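K.L.:
Sequence plus the predicted model coming up.
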Amino acid sequence: AFLKANNQELINNMGNLTTLTTKGAENLEKSLESLQEKDLTIRKLQNAVTRRDSVNLALVQSLKGVLGNLDDEDIEISVEKGVVFVSISDKLLFRSGSYNVTSAAKEVLGKVAKVVNNKPDFEFMVEGHTDNVPIRTSELADNWDLSAKRATSVVRILQ
């Protein structure tokens, strides 16, 4: 009787272990599926970053190609955090206190416009800056106004 009861208890314990092992295997399978999905997402993101970097590199090369001699300290092209920056010094673009683009800058901006206008899917942003010399004229209320008008002048040329 004792052996029979002990044997039955061992059979029941084996059944419980089988149930636990089956559940463990199911959980492990779900975890593996989840990891595979996450791995696929990571690969897609890496591919997207690689494509973006390639497109940015092509844009930089196009800009450098049209602008020619980039030893000019007034023009700088760089990529920071996946964004292409074209920096043109204010002294090349404008005379002090003015928002009228110089003829030299119009030539440079015309070349930049040829590249950016061929990239309709790209977003572009133009920032206007000014120095710290206060300004107030009949046309300009202050330096903020000058900065905004400078940005507008550049955008009109890039269109």
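P.N.:
All right, it came through fine. Source: prediction; values computed, not measured. Residues are numbered from 1 along each chain as shown.
K.L.:
Now do the helix or strand hosting Val86: everything it contacts.
P.N.:
In this assignment (DSSP states H and E), Val86 forms part of strand 83-88. Strand 83-88 has contacts (C-beta atoms under 8 Å, 6 or more residues apart in numbering) with 56, 59-60, 63, 74-79, 105, 108-109, 112. Glycine gets a C-beta too; all of them are placed from N, C-alpha and C.
K.L.:
Beyond that strand, next helix or strand please.
P.N.:
helix 90-93.
K.L.:
Tell me which helix or strand comes right after the strand or helix carrying Leu35.
P.N.:
Using DSSP H and E, Leu35 maps to helix 2-67. Going down the chain from helix 2-67, the next helix or strand is strand 75-80, by DSSP H and E.
K.L.:
Which neighbours in the sheet does that following strand have, and how are they oriented?
P.N.:
Here strand 75-80 has these sheet partners by DSSP bridges: strand 83-88 (antiparallel).
K.L.:
Could I get the average pLDDT for the strand it pairs with?
P.N.:
For strand 83-88, the mean pLDDT works out to 78.
K.L.:
Okay, buried residues for it please.
P.N.:
Neighbour counts over strand 83-88 (16 or more other C-beta atoms under 10 Å) mark Val84, Val86, Ile88 as buried.
K.L.:
between that strand and helix 2-67, how many degrees?
P.N.:
Counting by axes from the mean of the first three to the mean of the last three C-alpha atoms, to 10 degrees, strand 83-88 points 20 degrees away from the direction of helix 2-67.
K.L.:
Could you export strand 83-88 as PDB, keeping only the C-alpha atoms?
P.N.:
C-alpha atoms of strand 83-88 as PDB (Å, rounded to 0.1, in the frame of the first residue of the first chain):
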ATOM      1  CA  VAL A  83      21.100  67.000 -40.600                       C
ATOM      2  CA  VAL A  84      23.000  68.800 -43.400                       C
ATOM      3  CA  PHE A  85      23.900  72.300 -42.500                       C
ATOM      4  CA  VAL A  86      25.000  75.000 -45.000                       C
ATOM      5  CA  SER A  87      26.400  77.900 -43.100                       C
ATOM      6  CA  ILE A  88      27.100  81.100 -45.000                       C
END
